[in-house]
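[1] Model the structure of this input:
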Amino acid sequence: MTVIGLDDTDSRDRGMCTTYVAHLIVERLREHDADAESSVGRPLLVRLNPAIKHKTRGNAALALHTTLDLDVALPIARDVVDRLAETEDPNTNPGVVAAPDPAEWNQLGAYDAVLAFSRAALRDRLTIADVERVLDVTGYRSESWGNGRGRIGALAAIGAWIGWNSKVDSVDEIFGDWTYECISYREPEQWGSRRTVDSDSIFRAATDGYPAVWDTVDRGEREAVCVPHTPCPILHGIRGDDPSECERIAKLIESEPVAAREIFVTNQGTDVHLRDGTIGSVADGRAYQVTGTITAPPETKRGGHVFLTIESENQGGDTTLQCAAFEPTKRFREHVRALRSGDRITACGEVSSGTLKLEKFAVRALTTTRRVTPTCPDCERRMKSAGRNQGYRCRDCGTSAEDKVDRPIERTLELGWYEVPPCARRHIAKPLIRGGFDAQTHPER
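    Purely as a prediction, here's the structure:
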């Protein structure tokens, strides 16, 4: 058996899609074997660290496994990538890595190195030098175009494949959760043109498939999230927890002709990019979940972006962290604006320029009272300050009070998790509807 990894074949401006390149490689591999059903396994779509600056929107890498010999599979992959990758874009630097049967990896000294590399690719920054060191250790063969940066994702996808295939001794939090996506592709002559997809049929299908199928539409924004807006070959992509349901819902959508479909195993919707962190220790280019107390009311700034600051006790150094809900998160900002000083939250998101970009947050504790000037119990007038450190006094009745009093306040938020709407969700971020969270959830649809 051979495992092929590939990455970085698309362009933000010119289009293409690495999943489509993988789909065509799968077709070519199947053509080489009379027993097509068993010659190629279900392809793996791996979303890597979303904070990497070189990425296109989803930062996806692909892994394919086949019963064909490496000397047959690698030239096929190389040929397809060479024909389809948008290498005229200087920011597109494709890479292909070919690995032998994972049963041989221990003998090659590759097992631990590849797994560690794959885990790091989901949460850290890796360099071309990093991938070249691991390729030297493993002896894996590779092909590259441009500077070959795509080999990073290609090798990471291979490592993720063995995680999915349960060949690790103990499946950790990175390789323990997998979902599916059924991607429908357009006829090549339609690429770059306006997509013809019936919106009403998408919303009907989304209702039919929910909650096993999720993030198909955004009902609040009346947007078909499953339909891309780029010039890529994808017509629509249906995500969920069951592959047959994803395919069934995809077939319910009325649209222009579908050229082909492929179902991928994927880490989308799993939150595997998030690491536990502490305020004061977070770093740019990584994603965290951190817990702290809000220090001041959230502030809405120009452009509709909402900012707040959280702090944590008993930490040295910088103990505050700015968090932001940017305008594209739409109605999620109303939940952020409803937070108050003293509320305790767990904030999740990528850190950039010292600011955590909120993807979701959990309310751990709510401030339910506020300190106010006391009211006179006799005349019900608000008391006035009696002077510095002298409490308060009613000027009409002479009644006094030592200090301010607590007054209940009405809160619109409840304890539990809140998330950005589907239209603003990262591919890798876990929708609350999938469950498994440590508190009550308030899912967005």
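[2] mind listing what's buried in the biggest strand by length in the chain?
    In the chain, assigned by DSSP state E, the strand with the most residues is strand 355-365. Of the residues in strand 355-365, 355-364 count as buried by neighbour count, 16 or more other Cβ atoms under 10 Å. Quick note: C-beta positions are derived from backbone N, CA and C, even for glycine.
[3] repeat for stretch 396-408
    Buried residues in stretch 396-408, counted by 16+ other Cβ under 10 Å: 399, 401.
[4] Stretch 84-104 now?
    Under the neighbour-count rule (16+ other Cβ under 10 Å), stretch 84-104 has 84-87, 89, 92-100, 102 buried.
[5] Closest one of the residues you listed to residue 201?
    Closest approach between the buried residues of stretch 84-104 and residue 201, by Cβ to Cβ: residue 84, at 29.9 Å.
[6] Next one: that closest one from residue 61, what distance?
    Per Cβ to Cβ, to the nearest Å, residue 84 is found 16 Å from residue 61.
[7] ok, now residue 89?
    18 Å.
[8] on that earlier part again, okay if I get the buried residues of strand 355-365 as JSON lines plus distance to residue 287 and pLDDT?
    Listed next are these as JSON lines, based on distance: Cβ to Cβ, whole Å; pLDDT from 0 to 100:
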{"residue": "355", "distance to residue 287": "13", "pLDDT": "96"}
{"residue": "356", "distance to residue 287": "9", "pLDDT": "97"}
{"residue": "357", "distance to residue 287": "9", "pLDDT": "97"}
{"residue": "358", "distance to residue 287": "11", "pLDDT": "98"}
{"residue": "359", "distance to residue 287": "8", "pLDDT": "98"}
{"residue": "360", "distance to residue 287": "11", "pLDDT": "98"}
{"residue": "361", "distance to residue 287": "14", "pLDDT": "98"}
{"residue": "362", "distance to residue 287": "16", "pLDDT": "98"}
{"residue": "363", "distance to residue 287": "20", "pLDDT": "98"}
{"residue": "364", "distance to residue 287": "20", "pLDDT": "97"}
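[9] Any regions of the protein where pLDDT drops low?
    Across the chain, the ranges flagged by pLDDT under 70 are 33-38, 54-57, 102-109, 163, 165-173, 313-318.
[10] Would you list the strands that the longest strand of the chain pairs with, along with their directions?
    Strand 355-365 pairs in its sheet with strand 320-325 (parallel), strand 344-352 (antiparallel), strand 416-419 (antiparallel), by DSSP bridges.
[11] Residue 388: which of those strands is closest?
    Closest to residue 388 of these, according to Cβ to Cβ: strand 320-325, at 30.2 Å.
[12] Work out the gap between that closest one and the centre of the chain.
    19 Å (Cα atoms, centre = their mean, to the nearest Å).
[13] State the next helix or strand along the chain beyond the longest strand of the chain.
    Downstream of strand 355-365, the next assigned helix or strand under DSSP states H and E is strand 369-372.
[14] quick one on the thing from earlier: if you look at the buried residues of stretch 84-104, which of them are in helices?
    Of these, the ones assigned to helices by DSSP state H are residue 84.
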